[in-house]
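S.K.: Below is the structure, and that's it, no one-letter string:
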């Protein structure tokens, strides 16, 4: 049995869960999230826990079992605590600013880059070189962070670009005249 899939998802007291058709709905203090559950998986909500069961032990069912349990767990954490990613910008003259629902990035190109902030995501710039992305949906927060990072990935020689806080950038030695 899947080690992740067999664990029940524990619902905190301030979270409500419902399952209708193939849609799992989790509602908590931060809002409401919905997720389609694969038709082969069976979901039971009982005594403050969500239990996911699979019909067989074939590889696809085992993979789906753990996936569905993880998605539901991420929804529960999202509606109670939320998710947060932090990006740091390195480089002379590189900066970011939020104007309305648009993140404006100056990354050393001839033109500024405008990133339109998707619904359900909040982006703050406490410093011009720091971007904080928060939201309920783990997938949306991670996707927004990845899209912003992709505008100028950190390069290995000087480390200029956008990187996650705590991310290790492997440095290379430049050319030497010998």
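M.R.: All right, it came through fine. Because the structure is a prediction, the values reported are computed rather than measured.
S.K.: Enumerate the strands of the chain by residue range, in sequence order.
M.R.: For the chain, strands defined by DSSP state E occupy the ranges 9-10, 16-20, 23-28, 31-36, 42-46, 49-53, 83-90, 95-99, 102-106, 113-116, 121-127, 130-135, 161-164.
S.K.: any chance of these in JSON lines, plus distance to residue 3 and mean pLDDT?
M.R.: C-beta here means a position set from N, CA and C on the backbone, and glycine is covered the same way. What follows is the strands of the chain, written out as JSON lines (distance: least, CB to CB, whole Å; pLDDT from 0 to 100):
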{"stretch": "strand 9-10", "distance to residue 3": "14", "mean pLDDT": "94"}
{"stretch": "strand 16-20", "distance to residue 3": "22", "mean pLDDT": "93"}
{"stretch": "strand 23-28", "distance to residue 3": "21", "mean pLDDT": "95"}
{"stretch": "strand 31-36", "distance to residue 3": "21", "mean pLDDT": "94"}
{"stretch": "strand 42-46", "distance to residue 3": "19", "mean pLDDT": "93"}
{"stretch": "strand 49-53", "distance to residue 3": "13", "mean pLDDT": "94"}
{"stretch": "strand 83-90", "distance to residue 3": "23", "mean pLDDT": "96"}
{"stretch": "strand 95-99", "distance to residue 3": "40", "mean pLDDT": "96"}
{"stretch": "strand 102-106", "distance to residue 3": "39", "mean pLDDT": "96"}
{"stretch": "strand 113-116", "distance to residue 3": "38", "mean pLDDT": "96"}
{"stretch": "strand 121-127", "distance to residue 3": "32", "mean pLDDT": "96"}
{"stretch": "strand 130-135", "distance to residue 3": "28", "mean pLDDT": "97"}
{"stretch": "strand 161-164", "distance to residue 3": "28", "mean pLDDT": "96"}
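S.K.: Take these and lay them out in TSV including mean neighbour count and distance to residue 147.
M.R.: TSV is the format used below for these (neighbours: other CB atoms under 10 Å; distance: least, CB to CB, whole Å):
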stretch	mean neighbour count	distance to residue 147
strand 9-10	18	29
strand 16-20	13	30
strand 23-28	19	25
strand 31-36	14	21
strand 42-46	13	32
strand 49-53	18	31
strand 83-90	18	11
strand 95-99	15	13
strand 102-106	17	10
strand 113-116	12	7
strand 121-127	15	11
strand 130-135	20	10
strand 161-164	19	10
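S.K.: What's the local residue count around the closest residue to residue 156 other than its chain neighbours?
M.R.: Counting by CB to CB, 6 or more residues apart in numbering, residue 156 lies nearest to residue 172, which is 4.5 Å off, once chain neighbours are set aside. Using other CB atoms under 10 Å, residue 172 has 7 neighbouring residues.
S.K.: Next one: residue 172 from residue 159, what distance?
M.R.: Between residue 172 and residue 159 the computed distance is 10 Å (CB to CB, to the nearest Å).
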